[in-house]
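>>> build the 3D model from these lines:
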Amino acid sequence: MGSLASSFFADVMLWLMYIVLVAALLVTAYSVWHGMRTRRKGDDIVNRVPAGRIGWCVIIGLLLCLVVTFLLGSSEPVMTNGKPYTSVFWLKATDMFIYTATLLIIGCFISAFVSRFQS
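Alright, predicted model coming up:
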């Protein structure tokens, strides 16, 4: 049995993950750009709901949440394959994604609960 630290399939999966991540980021950026370019000024309010303002608040709130959770993330080294992993950026980025995802899931549950019992 080979070493798990540097197997060929682990490298292939890592590169596949990088390619998919870059593709997802490009599609997301294009979607936002296309939506901003094709949206008319009259589309800001739909059925007396300020859709444009809500969209901007969501984008700004998500970016603010990402920045705050990155700054609050831990940079303590962790043991990986018997060696300490000390990359401060990636340790903080990992915590950022975990904390942001957790906050968003909690927010979804709270909003579903509130809207369920709101008349």
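>>> ok, residue 71 to residue 93 distance?
When distance is defined by Cβ to Cβ, to the nearest Å, residue 71 is 12 Å away from residue 93. Glycine gets a C-beta too; all of them are placed from N, C-alpha and C.
>>> ugh, wrong one, residue 72
12 Å.
>>> residue 79 belongs to a strand, doesn't it?
Yes: per DSSP: H, G, I helix; E, B strand; the rest coil, residue 79 lies within a strand segment.
>>> wait, it sits on residue 86?
No: assessed by Cβ atoms under 8 Å, residue 79 is found out of contact with residue 86, at 10.7 Å.
>>> so who does residue 65 touch?
By Cβ atoms under 8 Å, 6 or more residues apart in numbering, the contact set of residue 65 is 100, 103, 104.
>>> apply 7 Å and report the result again.
Contact partners of residue 65, counting by Cβ atoms under 7 Å, 6 or more residues apart in numbering, are 100, 103.
>>> where's it relative to residue 57, distance?
Taking Cβ to Cβ, one finds residue 65 at 12 Å from residue 57.
>>> how about residue 82?
46 Å.
>>> output stretch 81-92 in CSV, but only the C-alpha positions, please.
Taking Å, rounded to 0.1, in the frame of the first residue of the first chain, the C-alpha atoms of stretch 81-92 are listed here in CSV:
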residue,chain,number,x,y,z
ASN,A,81,-0.2,13.9,8.2
GLY,A,82,2.0,14.1,11.3
LYS,A,83,3.4,17.5,10.4
PRO,A,84,2.3,21.0,11.6
TYR,A,85,0.5,23.0,8.9
THR,A,86,1.4,26.7,9.5
SER,A,87,0.1,28.6,6.5
VAL,A,88,-1.7,31.5,8.2
PHE,A,89,-3.7,32.6,5.1
TRP,A,90,-5.1,29.1,4.5
LEU,A,91,-5.8,28.4,8.1
LYS,A,92,-7.8,31.7,8.3
